[in-house]
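In: Quick one: sequence plus predicted model below, questions after.
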Amino acid sequence: MDPHLLRTLVAVARRGSFSAAAEELGYTQSAVSQQIATLEADLGMPLLHRRPVAPTEAGVRLLEHAGPLLLRVEAARADVRRAAAGPARRLAVSASPLSVTASIAVRLARARAAHPRLDLTLATVDRDTVAADVAAGRADLGMTDGIAAPSDPLRLPDVGPLTAVGIAEEDLVVALPSDHPLAGRPGLRLADLVDAVWLQTTLCPLERLRDLLGDGFRPGLAYTGDDVHTVRNLVEAGHGLTLLPASAGRGVPVLAPRLTHRVELLHGALPPGPAADVAAALR
């Protein structure tokens with residue numbers, strides 16, 4: 001299956017128009033139509049309804065596979081380029097919102113001091129995008145975080161062969177309103193809070209808590225951003241509880257189950273040079 005044809009299918013389905021997809025991809029509309037027809041002929045079934053433009057049932061199924069397949073192609077190309085490339089003077093790092101802890105920021109500063117001419121760019125993205133950026137070569141290094149049992153690896157999306165190394169772990173706290181009856185406790189068991197209302201955030205996904213402790217954790221307000229200050233304001237106003245790394249501010253320590261906020265460094269093949277040196281410093 002030609003990845004160029006898959007990419008065209010994804011563009012048409014996303015834009016809902018052959019002409020809009022053609023403009024995005026730099027093709028003519030007739031070329032886009034021909035590519036979709038070729039893909040449909042290869043599979044022996046229609047993938048798109050034409051009026052209006054929308055995926056057929058078969059098209060929906062193929063689109064579910066298209067994203068991961070195209071990412072693996074990008075990852076393979078990036079891996080080959082990395083293996084053949086010499087030392088880079090520009091370094092791109094993708095990081096999830098809570099991955100750059102104070103200690104990691106210090107390690108980055110030391111790495112930059114050792115390479116004063118290195119142009120380093122740090123971009124904050126969501127957790128899944130970190131792995132995708134590194135796999136596709138859009139970032140040289142990635143840092144991602146999540147909730148895990150001590151020393152357990154994080155669950156990462158399947159984007160191709162990447163090295164994942166734990167570089168930091170710290171305790172978690174329950175963020176509560178200052179006037180909450182439990183706010184003065186020396187510690188809390190999460191099992192005692194399963195009936196409480198919890199914020200729905202990307203920083204502490206409720207599905208992860210349910211994976212660890214079963215049902216419960218009633219959803220409160222949904223916040224799709226990644227600003228810790230905003231999260232703390234929402235907690236203080238009573239929109240729901242959440243978990244945060246202890247370094248992110250005040251809260252009641254989690255006593256059980258034993259959980260940590262874990263940060264992992266992600267990278268592909270690293271030839272000797274600044275990227276490998278920065279990775280070593282972060283470890």
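Out: Received the coordinates, thanks. Bear in mind that the values here come from a model prediction, so they are computed numbers and not experimental data. Numbers count the residues shown, from 1 in each chain.
In: CA atoms for contacts and neighbours, from now on please.
Out: Noted.
In: Let's verify Met143: helix, strand, or coil?
Out: Following DSSP: H, G, I helix; E, B strand; the rest coil, Met143 is assigned to strand.
In: Assess the claim that it and Ser99 are in contact.
Out: Yes. With contact defined as Cα atoms under 8 Å, Met143 reaches Ser99; the gap is 6.0 Å.
In: anything in contact with each of these two?
Out: Jointly contacting Met143 and Ser99 under the rule Cα atoms under 8 Å, 6 or more residues apart in numbering are Val263.
In: And the contacts of stretch 183-190?
Out: Residues contacting stretch 183-190 (Cα under 8 Å, 6+ apart): Val174, Leu176, Pro177, Gly251, Val252, Pro253, Val254, Leu255, Ala256, Pro257.
In: can you rerun that using 6 Å?
Out: Val252, Pro253, Val254, Leu255, Ala256 (Cα atoms under 6 Å, 6 or more residues apart in numbering).
In: likewise stretch 44-52?
Out: Glu40, Ala54, Pro55, Thr56, Ala58, Gly59.
In: Relative to Arg72, how far out is the fourth one?
Out: Same thing as Thr56. Counting by Cα to Cα, to the nearest Å, the gap from Thr56 to Arg72 is 24 Å.
In: So those two - more neighbours on which side?
Out: Using other Cα atoms under 10 Å, the more surrounded residue of Thr56 and Arg72 is Arg72, with 19 against 15.
In: helix/strand/coil for the more buried one?
Out: Reduced to three states by three-state DSSP, Arg72 is helix.
In: contacting residues for it?
Out: Val159, Gly160.
In: Can you give me the distance of it to Gln29?
Out: Using Cα to Cα, we find Arg72 at a distance of 27 Å from Gln29.
In: cool, Gly249 as well?
Out: Counting by Cα to Cα, the gap from Gly249 to Gln29 is 54 Å.
In: what does the helix or strand containing His229 contact?
Out: For His229, the enclosing helix or strand under DSSP states H and E is helix 228-236. If you take Cα under 6 Å, 6+ apart as the criterion, helix 228-236 is touched by Pro177, Leu241.
In: buried residues in that helix?
Out: Residues Val231, Arg232, Leu234, Val235, Glu236 are the ones in helix 228-236 that count as buried (16 or more other Cα atoms under 10 Å).
In: What of stretch 192-207?
Out: So, applying 16+ other Cα under 10 Å, buried residues of stretch 192-207: Val194, Val197, Trp198, Leu199, Gln200, Thr201, Thr202, Leu203, Cys204, Pro205, Leu206.
In: Helix, strand, or coil at the residue nearest to the last one when sequence neighbours are not counted?
Out: To tie it back to what came earlier, the one meant is Leu206. Distances taken as Cα to Cα, 6 or more residues apart in numbering place Gln200 nearest to Leu206, at 6.3 Å, with adjacent residues excluded. Here Gln200 is recorded as strand under three-state DSSP.
In: Can you name the residues bridging to Gln200?
Out: Beta bridges link Gln200 to Ala222, judged by DSSP bridges.
In: so what's it scoring on pLDDT?
Out: Looking at Gln200, its pLDDT is 94.
In: buried set for the host helix or strand of Ala111?
Out: Here Ala111, judged by DSSP H and E, is contained in helix 102-114. Going by neighbour count (16+ other Cα under 10 Å), the buried part of helix 102-114 is Ile104, Arg107, Leu108, Ala111, Arg112.
In: With Ala22 as the reference, measure out to the residue lying closest to the fourth one once chain neighbours are set aside.
Out: Read that as Ala111. Excluding its sequence neighbours, the residue lying closest to Ala111 (Cα to Cα, 6+ apart) is Val278, at 5.4 Å. Counting by Cα to Cα, the separation of Val278 from Ala22 is 41 Å.
In: Cool, thanks, talk later.
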